[in-house]
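> I would like the atomic coordinates for the input below:
(chains A and B)
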Number of protein chains: 2
Amino acid sequence: MSEPVRFYFDFSSPYSYFAAAKIDETCESLGREVTWKPFLLGALFQITGSKPLTETPLKGDYCRNDWERLGRYMNLPWTLPDPFPIPTQAAARAFYWLDDKDPVLAKKFAREAFMAYFGRGMDIRSGDAVAELAAPLGVDHAELAAALGDEKVKQRLKDETQAAIDAGVFGAPYFIVDGEGLWGSDRMWMIRRWIERGGW
Amino acid sequence: MSEPVRFYFDFSSPYSYFAAAKIDETCESLGREVTWKPFLLGALFQITGSKPLTETPLKGDYCRNDWERLGRYMNLPWTLPDPFPIPTQAAARAFYWLDDKDPVLAKKFAREAFMAYFGRGMDIRSGDAVAELAAPLGVDHAELAAALGDEKVKQRLKDETQAAIDAGVFGAPYFIVDGEGLWGSDRMWMIRRWIERGGW
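Modelled structure (predicted):
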């Protein structure tokens, strides 16, 4: 059995939102599982010297248009939330806490969080907002709120972010398939090709 | 008759090299011409605050691997030249000087320059190197060498670079099809789609 494809993302990354909508279907149709790995893009930007896309001259305007047309093309709701970008510790911590109990539930939560933020423009920064999103999935509000403040849960996200950096991740979305890194939602075709042929 | 697709690039951009190998075929098979527009990426980087890819932590290693696999995938010779990146004033000035006389010849020269630099690792910085590349295409060595020092030819490249910035170009390769900007060699599929459907 081949290793799952790893999907690294930040809940505040628009291109991760688009990738999240099709990565499982893309890989599973070829018999490959996908492991989701949220991390904090801000920690990476400190290393690479990158800035949020909307704060980069010229590129910011381009991206605003690009996200809109990708939303239309993929038939996905799209809104540029305000505030954007945001710190996503709460959502990412919630993800790992859920993932340890039930990976399927964790992915459901992650899709809800993406849809809330980029589909409806909901501010998902707070622990309360995150717990509110998880509640309809059967997650106890008080239990999740408590977990988000737990030192072990906080440390887990720090460790996962460091592990992403150690694996060579420098942006989001980023995929690793059999050790081969692929950056960007535009590279799904290369993931498919790798799974099908094991090479370029 | 629809406007040509504009292809903005820098002769020192690896992803432009890969794009240059298929942009004409891609568009012409759909009945669209392509106008090539070399410019100086360094001038843009001063605005966007970007750095050359190989000088960006993490991303540099990724790109080295990515260029190799793209070369294998596209069956194109690939070498990371030394020095890299380089200032490409000479090649870009030569291009526009030729383009005014014969756009087909200018494209032939551009393909030669890309292949010399990224296919064989030849240093194409100097006017002499550029004139040497153009000679087999029937371009007089002395005449081209003189043109490269001509103030009008120098100004032309400055104007073209400024025009690229004014058009929203912030990286290379960059394409404009009917006013719609597309960044990166990964976006050929979107160019095809636009030409075929006129929308997303």
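> Contacts only, for residue A:78.
Counting by Cβ atoms under 8 Å, 6 or more residues apart in numbering or on different chains, residue A:78 makes contact with A:67-68, A:70-72, A:118-119. For glycine as for every other residue, the C-beta is placed from the backbone atoms N, C-alpha and C.
> Also residue A:42?
Going by Cβ under 8 Å, 6+ apart, the list of residues near residue A:42 reads residue A:87.
> what's it sitting at in phi/psi?
phi -60, psi -40 (degrees, to the nearest 10).
> before we move on, what about residue A:138?
Taking degrees, to the nearest 10 as the convention, residue A:138 sits at phi 90, psi 10.
> Counting neighbours, what do you get for it?
9 (other Cβ atoms under 10 Å in any protein chain shown).
> What's the first helix or strand after the lowest-mean-pLDDT helix or strand in chain A?
Using mean pLDDT, DSSP states H and E, the weakest-scoring helix or strand in chain A turns out to be helix A:41-48, at a mean of 88. Per DSSP states H and E, the first helix or strand lying C-terminal to helix A:41-48 is helix A:59-74.
> got a list of contacts for the following helix or strand past that following helix?
Per DSSP H and E, helix A:59-74 leads on to helix A:89-101 as the next helix or strand towards the C-terminus. Applying Cβ under 8 Å, 6+ apart, the set of residues contacting helix A:89-101 from outside is A:10-11, A:36, A:38-40, A:105-106, A:109-110, A:113, A:124-127, A:129-131, A:134, A:139, A:144, A:147-148, A:150, A:153-154, A:156-157, A:160.
> Distance from the chain centre to helix A:89-101, please.
12 Å (Cα atoms, centre = their mean, to the nearest Å).
> before we move on, what about stretch A:73-86?
That offset, for stretch A:73-86, works out to 14 Å (Cα atoms, centre = their mean).
> And for stretch A:108-127?
11 Å.
> And it, end to end?
17 Å (Cα to Cα, to the nearest Å).
> neighbouring contacts of it?
With contact meaning Cβ under 8 Å, 6+ apart, stretch A:108-127 is reached by A:11-12, A:14, A:16-17, A:20-21, A:36, A:38, A:76-83, A:86-88, A:90-91, A:94-95, A:98, A:129-130, A:133-134, A:136-137, A:139, A:144-145, A:148-149.
> for stretch A:139-155, same thing?
Residues from elsewhere that reach stretch A:139-155, judged by Cβ under 8 Å, 6+ apart: A:89-90, A:93-94, A:96-98, A:105, A:109, A:127-128, A:130-132, A:134-135.
> so how far is the first residue of it from its last?
Note: stretch A:139-155 ends 21 Å apart using Cα to Cα.
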